[in-house]
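Q: Provided below for reference: sequence and predicted model.
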Amino acid sequence: MVLTLYGYPLATCTQRVATVLHEKQVPFKFVNVNLATGEHKAPAYLEKQPFGQVPYIDDDGFVLYESRAISRYIAEKYDSQGALLIPKDAKDKALFEQAASIETANFDGFAAKAVSEKIFKPAFTGAKPDEAFFETQITELGKKLDVYEKILSKQKYLAGNEVTLADLFHLPYASMLPQTGSKVIEERPNVVRWLDDLKSRPSWQAVQQGITSTA
């Protein structure tokens, strides 16, 4: 059976998984979960994703949620297709895991809160963003991106000179940061070069055109 991705097209985590599916050239069926009507909190949905979040996949009866776990599963199951994304050599894989930890510990929390406060909060609740909170997140993110700038001055990607999942994991929030009005990305040329490279990949371009079934 064809792998099925259940998610919402504008949700960052759904975009993360769809990007990896395109990278690995995996045909998939996409089922749009209607967040506005609370479909993700319905009993039938909670049986598959007990936290009531998007996305999850159903791969011939194997159900998996959490976007990074899904991405790793896809990258390893279809390792012979598309870009490798998870290195096989022990040292290279360790560097990949290091880079993946950098994304979760030093980027995602700050970027997600900044984007949520400035973009999602007014869009979905009508409330004004807390500018002080937003600036705090951007300031902390800037400190982390200063380290990214040093790392990326010496190599093309976070784990070395080959793209990995660790790089792709950044795309959904990193691509939205300029929309907040912040120049936290633009002020760092090596970060700009790295992100522009990632955004130009056909997989991300495909997701930007809308997530649709490819099978």
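A: Nice, I can see it. Worth saying up front: this structure is predicted, and the values here are computed from it rather than measured.

Q: just checking, next helix/strand downstream of the helix or strand bottoming out on mean pLDDT in the chain?
A: Scoring the helices and strands of the chain by mean pLDDT, DSSP states H and E places helix 121-125 at the bottom, with a mean of 91. Note on helix 121-125: by DSSP states H and E, the next helix or strand toward the C-terminus is helix 131-152.

Q: residue ranges of the helices in the chain, please?
A: Using DSSP state H, the helices of the chain run over 12-23, 43-48, 67-77, 90-103, 109-115, 121-125, 131-152, 165-168, 171-174, 189-199, 202-208.

Q: Confidence-wise, which of those helices is weakest overall?
A: Set side by side, the helices of the chain show their lowest mean pLDDT on helix 121-125, which sits at a mean of 91.

Q: rewinding a little: can you tell me which of the helices of the chain is nearest to residue 6?
A: helix 43-48 (7.3 Å; CB to CB). To be clear about C-beta, it is placed using only N, CA and C from the backbone, and glycine gets the same treatment.

Q: who are the neighbours in contact with residue 76?
A: residue 86 (CB atoms under 8 Å, 6 or more residues apart in numbering).

Q: Centre of this structure to the edge, which residue is at the far end?
A: No residue in the chain has its C-alpha farther from the mean C-alpha position than residue 43, which lies at 26.7 Å (CA atoms, centre = their mean).

Q: Do I have it right that residue 176 meets residue 115?
A: Yes - look at residue 176 against residue 115 with CB atoms under 8 Å: they come within range, at 4.9 Å.

Q: between those two, what contacts are shared?
A: By CB under 8 Å, 6+ apart, the residues touching both residue 176 and residue 115 are residue 12.

Q: Between the two, tell me which one has more neighbours.
A: Each of residue 176 and residue 115 has its neighbours counted (other CB atoms under 10 Å); residue 115 has more, 23 against 18.

Q: what does stretch 167-174 contact?
A: Stretch 167-174 has contacts (CB under 8 Å, 6+ apart) with 12-13, 15-16, 19-20, 23, 68, 71, 85, 99-100, 103-104, 107-108, 111-112, 115, 157-159, 185, 194-195, 198-199, 203-204.

Q: neighbours around the spatially closest residue to residue 84 that is not a sequence neighbour, how many?
A: The spatially closest residue to residue 84, leaving aside those adjacent along the chain, is residue 162, at 7.1 Å (CB to CB, 6 or more residues apart in numbering). Neighbourhood size, residue 162 [other CB under 10 Å]: 15.

Q: Who are the contact partners of residue 162?
A: If you count contacts by CB under 8 Å, 6+ apart, then residue 162 has 83, 84, 87, 156 around it.

Q: quick revisit: what subset of the contacts of stretch 167-174 is buried?
A: Among the contacts of stretch 167-174, those scoring as buried are 12-13, 15-16, 19-20, 23, 68, 71, 85, 99-100, 103, 107-108, 111-112, 115, 157-159, 185, 194-195, 198, 203-204 (criterion: 16 or more other CB atoms under 10 Å).

Q: re the thing from before, can I get the helices of the chain in a markdown table with distance to residue 214?
A: Putting the helices of the chain into a markdown table (distance: least, CB to CB, whole Å) gives the following:
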| stretch | distance to residue 214 |
| --- | --- |
| helix 12-23 | 8 |
| helix 43-48 | 21 |
| helix 67-77 | 13 |
| helix 90-103 | 26 |
| helix 109-115 | 27 |
| helix 121-125 | 28 |
| helix 131-152 | 32 |
| helix 165-168 | 17 |
| helix 171-174 | 18 |
| helix 189-199 | 20 |
| helix 202-208 | 9 |
